[in-house]
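**Q** Have a look at this prediction, sequence included:
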Amino acid sequence: MSRTKTMALRVLPVLVVVFLATRAVHVHSVGAAPEIYRVAAANNDLDVVEGLAAPGSLVELWYTQRNFKEGAASGGDRFSWCGWKNGGEPVLLGTTWTNSQGVWRLGNLRHRTTVMLFPGNPGGDSCHGGILTQLLPRTCDAPGVGCSAWSPPTVRWLNVKRQSSDVATAAGAIEGAHQAALAVADGPNDGPEASSVYDVDENGLDTTGPGFEAGQVVSWKCGTGGTAVCPSIAVHDATTIIAPDPEFPFILGTMQGHRPGGSVFAAAAIDRGEPLGFTVNVSVRFRGLLDVNLGCDQRSFFDFQAPIAQP
């Protein structure tokens with residue numbers, strides 16, 4: 001074989017890897033541990049998870065959950081953890097293989113093991129008002145053999161607060177996340193009719209970018225200090241006699257964090273304190289990366305949707 005052909009064969013695999021990595025993740029590289037970039041929930045329950053790993057990899061997806069009492073980092077209304085579900089033992093959700101572009105996907109999860117991501121009712125100072133979910137992907141040489149390590153981000157605290165009769169906020173902190181976002185919502189992004197009142201406000205950032213340190217502590221605070229400003233919404237039900245406005249039966253604060261080896265989702269609900277005309281369960285698309293396989297998704301970290309939308 002000629003030297004020219006030998007050099008071409010040596011260079012070709014490198015070019016293929018670069019092409020696949022660039023096409024799959026744009027400016028994001030694929031490491032040894034798999035990463036989640038998209039999650040969808042329907043009617044409060046986990047339904048779809050999508051991520052990235054090396055092409056041709058076997059991916060296992062596990063999860064753990066625990067409750068918490070929403071609250072601030074300090075003071076009288078203080079955040080605190082409650083017990084783990086299943087004694088803290090991870091539960092397998094499913095296995096799949098990455099395609100030639102390094103993309104993996106598990107769908108119809110709510111028809112297998114039901115994982116409820118959002119509280120069924122507001123909790124106030126009780127454990128049933130807050131749910132933490134860790135999604136734990138790993139690549140393995142064979143099922144359960146030669147697997148990569150889990151390393152999800154750590155939620156420090158989450159506080160949802162009614163600041164006044166018509167304003168609600170969410171604040172909190174997370175550590176170890178490459179991408180992190182916080183949202184407060186009292187309903188889907190939009191109802192049957194266009195409205196000037198927004199039901200969702202979000203604030204997200206990427207700690208791998210300039211000005212941050214990857215995985216640093218990120219906090220959203222409504223007053224001084226913190227990494228970013230807390231999101232806020234006007235609490236309002238625009239339902240009329242002829243036009244219903246879908247609303248959640250509570251005010252919801254939701255935090256998400258992603259890094260190779262794991263993702264976390266924390267959701268806390270507080271009482272709205274007002275009668276509603278038309279309430280719905282929570283259906284939402286989460287995104288950790290906004291530049292990967294966007295498809296029909298909104299370019300946002302949280303897309304809380306009306307009931308007719310599909311994940």
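**A** Thanks, I have it.
**Q** Give me the distance between residue 97 and residue 146.
**A** Note on residue 97: its distance to residue 146, by CB to CB, to the nearest Å, is 15 Å. The C-beta positions use only the backbone N, C-alpha and C, and glycine is treated the same way.
**Q** what ranges of the stretch 101-250 of the chain fall below the confidence cut-off?
**A** Scanning the stretch 101-250 of the chain for pLDDT under 70 picks out 124, 188-198, 236-246.
**Q** hey, where'd the helices end up in it?
**A** For the stretch 101-250 of the chain, helices defined by DSSP state H, counting those that start in this stretch do not occur.
**Q** Spell out the residue ranges of the strands in it.
**A** Ranges of strands in the stretch 101-250 of the chain, per DSSP state E, counting those that start in this stretch, are 103-106, 130-140, 154-162, 167-175, 179-185, 200-206, 218-221, 228-229, 232-234.
**Q** Next, the buried residues of stretch 66-83.
**A** For stretch 66-83, the neighbour count (16 or more other CB atoms under 10 Å) marks 66-72, 79, 82 as buried.
**Q** cool, stretch 92-109 as well?
**A** Using 16+ other CB under 10 Å as the test for burial, stretch 92-109 gives 93, 96, 98, 101-104, 106, 109.
**Q** Next: stretch 56-66.
**A** Under 16+ other CB under 10 Å, the buried positions of stretch 56-66 are 57-66.
**Q** what do you get for stretch 255-263?
**A** Judged by neighbour count using 16+ other CB under 10 Å, the buried positions of stretch 255-263 are 255-263.
**Q** and what of stretch 131-144?
**A** Buried, per 16+ other CB under 10 Å, within stretch 131-144: 131-139.
**Q** Angles on the backbone of residue 108, please.
**A** In terms of degrees, to the nearest 10, the main-chain angles of residue 108 are phi 50, psi 40.
**Q** Let me see the contact set for it.
**A** By CB atoms under 8 Å, 6 or more residues apart in numbering, the contact set of residue 108 is 47-48.
**Q** hmm, back to that, of the strands of the stretch 101-250 of the chain, which approaches residue 33 most closely?
**A** Closest approach to residue 33 among the strands of the stretch 101-250 of the chain (CB to CB): strand 130-140, 7.0 Å.
**Q** With distance to residue 161 as new columns, can the buried residues of stretch 131-144 be given to me in JSON lines?
**A** Listed next are the buried residues of stretch 131-144 as JSON lines, based on distance: CB to CB, whole Å:
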{"residue": "131", "distance to residue 161": "18"}
{"residue": "132", "distance to residue 161": "19"}
{"residue": "133", "distance to residue 161": "22"}
{"residue": "134", "distance to residue 161": "25"}
{"residue": "135", "distance to residue 161": "27"}
{"residue": "136", "distance to residue 161": "30"}
{"residue": "137", "distance to residue 161": "33"}
{"residue": "138", "distance to residue 161": "37"}
{"residue": "139", "distance to residue 161": "40"}
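**Q** Nearest the geometric middle of this protein, what residue?
**A** With distances taken as CA atoms, centre = their mean, residue 256 lies nearest the centre of the chain, 4.0 Å away.
**Q** Would you give the sheet partners of whichever strand or helix holds that residue, along with the direction of each?
**A** Per DSSP states H and E, residue 256 falls inside strand 251-259. Strand 251-259 pairs in its sheet with strand 179-185 (antiparallel), strand 262-270 (antiparallel), by DSSP bridges.
**Q** Give me the angle between it and strand 130-140.
**A** Orientation of strand 251-259 against strand 130-140 (axes from the mean of the first three to the mean of the last three CA atoms, to 10 degrees) gives an angle of 20 degrees.
**Q** Show me the beta-bridge partners of residue 68.
**A** The residues that residue 68 bridges to, once DSSP bridges is applied, are residue 81.
**Q** Let me fix that, I meant to ask about residue 145.
**A** Following DSSP bridges, residue 145 is listed with bridge partners residue 142.
**Q** Number of residues surrounding it?
**A** 8 (other CB atoms under 10 Å).
**Q** so what's residue 88 up against?
**A** Applying CB under 8 Å, 6+ apart, the residues near residue 88 are 64, 66.
**Q** same thing with residue 165?
**A** Shown in contact with residue 165 (CB under 8 Å, 6+ apart): residue 235.
**Q** how near is it to residue 248?
**A** 18 Å.
**Q** How about residue 219?
**A** 25 Å.
**Q** do residue 149 as well
**A** Distance, residue 149 to residue 248, by CB to CB: 36 Å.
**Q** re the thing from before, highest mean neighbour count out of the strands of the stretch 101-250 of the chain?
**A** Highest mean neighbour count among the strands of the stretch 101-250 of the chain (mean count of other CB atoms under 10 Å): strand 179-185, with a mean of 28.
**Q** How about residues contacting that one?
**A** Contacts to strand 179-185, defined as CB under 8 Å, 6+ apart, come from residues 153, 160, 168-172, 174, 199-208, 218, 220, 230-233, 248, 251-259, 288-289, 301-302, 304.
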